[in-house]
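Q: how would this look folded up:
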Amino acid sequence: MARKRGRTTSQTIALWTLKVDAASTFAVLGLCALAILRDYEGALPYLTTLIGALQAVTGVVLTAYFHKAKAENTKGGITYDAALGIVSNLDTVEETAV
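A: Numbering: from 1, shown residues only. This next block holds a predicted model:
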């Protein structure tokens, strides 16, 4: 029987980043809705900035994770899909356009 492999550290970091981002986004949107329902007369730039900052952090973390995953899934300079002979639709479109 094969052993079940656990998550790597990079996967754990990526998942927790997504969880924190989602939870914070919903909390901020809830605060914005509460402010609107209570007829708040001010602006909400600090709350909306928080969403943007967290989205930027999530983008950086996920980009780094996917670059790492791509580098791990290569052998001899070619990707796993190319080694299996799997061609994506994008590759076939580019070849027919040339």
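Q: Quick one: low-confidence residue ranges for the protein.
A: 1-4, 75-98 (pLDDT under 70).
Q: quick one: what helix or strand has Thr48 in it?
A: Using DSSP states H and E, Thr48 falls within helix 45-72.
Q: Output the contacting helices and strands for that helix.
A: Applying 3 or more Cβ pairs under 8 Å, 6 or more residues apart in numbering; DSSP states H and E, one finds that helix 45-72 contacts helix 9-37. All C-beta atoms are positioned from the backbone trio N, CA, C, and that covers glycine.
Q: Between helix 45-72 and the helix it packs on, find me the angle.
A: Orientation note: helix 9-37 sits at an angle of 160 degrees relative to helix 45-72 (axes from the mean of the first three to the mean of the last three Cα atoms, to 10 degrees).
Q: Identify each buried residue in helix 9-37, please.
A: Buried residues in helix 9-37, counted by 16 or more other Cβ atoms under 10 Å: Ala14, Thr17, Asp21, Ser24, Val28.
Q: Make TSV from the residues you listed and add distance to Ala35 to it.
A: Listed next are these as TSV, based on distance: Cβ to Cβ, whole Å:
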residue	distance to Ala35
Ala14	32
Thr17	27
Asp21	21
Ser24	16
Val28	10
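Q: from these, which is closest to Gly42?
A: Val28 (15.3 Å; Cβ to Cβ).
Q: Please list all residues in contact with that closest one.
A: Shown in contact with Val28 (Cβ atoms under 8 Å, 6 or more residues apart in numbering): Leu47, Thr48, Leu50, Ile51.
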